[in-house]
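*Asks:* Starting from these lines, generate the structure:
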Amino acid sequence: MLKLGFFTDNTQLAELVGDLGRQANIEVEGIWAEPLLNGDGKWNFSNCFSDPEELYGSIDVGVISITSSELFMDIVTAAIKNGVHPLVVGLPDLQLSTYNQLSLLSAEMGVELGFSHIYHRFSGFNYPLVSPIIAHLTRGITMNQLNQFEMAATLRFDIATILSLTTSEVRRIRTYVLPQSGECPSCMMVFIDFFNNSAITYNLTLGAKRNFLELRLNSIGEAIELYEDEIKLATSSLGGMISTSIFLDDLNNFTGCIGIQREPLLGISFVMKILSAVEAISQKMAR
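*Replies:* From the prediction side, this is the model:
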């Protein structure tokens, strides 16, 4: 049985530690939540470590959710160097080159690096699909403008949702924005073409009457329409509320890859594809 340790300043994840410890085949060794303990809230964790170094040596998997990019890098880098397999909850706001460094380090140390809660999962739909698809993902946001941080987080989350739909690799990305100048477009359309002849469009509209996320997908003999109203805006560290069932699914996939030299479904390669696509879109926005 693999031993888990948690490193977090996320209150939702911290509250789930006790529940997760009661799940079958999961042994929670302890938690490092110093940022929460230093805050105004009153927290009482069992097996709470004051020094993350003490926790590294007694676990196999480190579940990490840290808001500060600098602190996150300190924790995840130290975990990898101590032979711990990191499972990151959310997608921290880091450069593509930084994720590449983490990829090289994890490969050098022989550990897996996985992620959870980095894209939206529509209920009642099993993916990724192998067969070609034609799909449309549309997001409406009531806000008239997003700052650079919010726009980047939204793009990472939504492009990750798109890439999760198919097993194929991206062939070409075309981006159209209005207005064509300025830091934040009010309307965006992205066309993504895949090598298996799949095609997915993404539409983002600011100033919408309501917040929503809609997916329309066609595959051979199948047509799906999925809609979620009043969906929250994604953040860089976490795209919404933590779901215990989703986390357990990602954890089981992740731990199942440890020791057999198979990258997790939501591994570092998938994250690199997300950031490469977002970088291509952002370059078009900056022109």
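*Asks:* rest of the way, CA atoms for contacts and neighbours
*Replies:* Fine.
*Asks:* And the strands in the stretch 51-200 of the chain, which stretches?
*Replies:* 61-65, 85-89, 114-116, 134-141, 170-178, 187-194, 199-206 (DSSP state E, counting those that start in this stretch).
*Asks:* Who are the packing partners of the longest one?
*Replies:* Using 3 or more CA pairs under 8 Å, 6 or more residues apart in numbering; DSSP states H and E as the contact criterion, the secondary-structure elements in contact with strand 170-178 are strand 187-194, helix 268-285.
*Asks:* Other residues contacting that strand?
*Replies:* If you take CA atoms under 8 Å, 6 or more residues apart in numbering as the criterion, strand 170-178 is touched by 185-195, 277, 280-281, 284-285.
*Asks:* repeat for the first one
*Replies:* Contact with strand 61-65 is made by 2-10, 13, 56, 72, 75-76, 79, 84-90, 237, as judged by CA under 8 Å, 6+ apart.
*Asks:* ok and that strand relative to strand 85-89, angle-wise?
*Replies:* 30 degrees (axes from the mean of the first three to the mean of the last three CA atoms, to 10 degrees).
*Asks:* Direction included, what does strand 61-65 pair up with?
*Replies:* strand 3-8 (parallel), strand 85-89 (parallel) (DSSP bridges).
*Asks:* what's the least confident stretch among those strands?
*Replies:* Note on these: lowest mean pLDDT is at strand 3-8, with a mean of 92.
*Asks:* Could you give the separation of that one from the chain centroid?
*Replies:* Relative to its chain's centre, strand 3-8 lies at 18 Å (CA atoms, centre = their mean, to the nearest Å).
*Asks:* buried set for that strand?
*Replies:* By 16 or more other CA atoms under 10 Å, the buried positions in strand 3-8 come out as 4-8.
*Asks:* do the same with stretch 26-36
*Replies:* Those would be 26-34, 36, for stretch 26-36 by 16+ other CA under 10 Å.
*Asks:* cool, stretch 214-221 as well?
*Replies:* Those buried within stretch 214-221 under the rule 16+ other CA under 10 Å are 214-217.
*Asks:* Tabulate the strands paired with strand 61-65 (TSV), appending distance to Thr255.
*Replies:* Putting these into TSV (distance: least, CA to CA, whole Å) gives the following:
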stretch	distance to Thr255
strand 3-8	10
strand 85-89	9
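*Asks:* Quick one: closest of these to Ala152.
*Replies:* strand 85-89 (17.5 Å; CA to CA).
*Asks:* Show residues contacting that closest one.
*Replies:* 60-65, 76, 79-80, 111-118, 237-238, 251, 254.
*Asks:* any idea which of the buried residues of stretch 214-221 is closest to Leu105?
*Replies:* Of the buried residues of stretch 214-221, the one sitting nearest to Leu105 (CA to CA) turns out to be Leu215, at 36.4 Å.
*Asks:* any idea which element the closest one lies in?
*Replies:* strand 212-219 (DSSP states H and E).
*Asks:* Off-centre distance for that strand?
*Replies:* 20 Å.
*Asks:* Which stretches in the protein count as helices?
*Replies:* For the chain, the helices defined by DSSP state H cover 11-21, 34-37, 52-56, 69-81, 96-109, 148-163, 244-257, 268-285.
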